[in-house]
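# 3D, please:
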Amino acid sequence: MIRKPSRHCTVELQALPSRIGQVRRIVSAQLRYWHLDPLIDSAALGVTELLTNVHRHAEPDKQCRVEIDLLRDRLTVSVRDNDPRVPSLRCADLAALGGRGLTLVASVSESWGVRPHDEGGKVVWFTLQTHTPALPQSALAVPAPVPALAAPGPLRGSGPAGARGPAGSPPPPSARRRGQTRENAGARPTAVG
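Numbering: from 1, shown residues only. As a prediction, this is how the structure comes out:
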């Protein structure tokens, strides 16, 4: 089940390898939606490491909940599982294939920690600084397009296919914006979400 109110996202899952990749993509998409693209790599790495720990170590089951919260200038990513055992940082042997997960989380995050959960189990979390104040919800609205001024001569697009106006004149400046052509200059952007 996925719930995404304005500045909170929750994903419940079994921490299986195939689901970990899906959750990483969900986290990345949510951060893109919130215009937090610079945090995507760190958040994706952190959530992958925490979910891998649940997959490898949690008992009695692999059920967990990932939550992402954006409050002011701080993003918090947390993973709750049903195992009350608390993980700790450790020095991994250089030849070891694992044992560096929390060290990676600590290195990419501003802070991290573990707390017991009221209903049993624990929550492992980390925070990332957004470096810019969070945008107010109103700033995420898609602005209405500015209508183009009419050029002298026949209306563009009203004549036969390929009609350009008097003497093959170029499109108006408003249609020359990046990525726009005569055909899509008046197209309305659509909101995602």
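
# Could you pull up the residues touching residue 16?
Contacts for residue 16 (C-beta atoms under 8 Å, 6 or more residues apart in numbering) come out as 55, 62. C-betas here are computed from N, CA, C, even on glycine.

# how about 10 Å then?
Contacts for residue 16 were tallied using C-beta atoms under 10 Å, 6 or more residues apart in numbering; they are 22, 51, 54-55, 62.

# Give me the phi and psi angles of it.
Dihedral pair for residue 16: phi -110, psi 150, per degrees, to the nearest 10.

# gap between it and residue 43?
Distance, residue 16 to residue 43, using C-beta to C-beta, to the nearest Å: 20 Å.

# where in this protein is pLDDT low?
1-6, 92-99, 132-193 (pLDDT under 70).

# hey, where'd the strands end up in it?
For the chain, applying DSSP state E gives strands covering 2-3, 8-14, 63-71, 74-81, 111-116, 122-129.

# May I ask you to confirm that residue 66 is in contact with residue 79?
Yes: Residue 66 is in contact with residue 79 according to C-beta atoms under 10 Å; the separation is 5.4 Å.

# Find residues that contact each of those two.
11, 13, 15, 23, 47, 50-51, 54.

# quick one: which of those residues is nearest residue 87?
Proximity of those to residue 87, judged by C-beta to C-beta, is greatest for residue 50, which lies at 9.0 Å.
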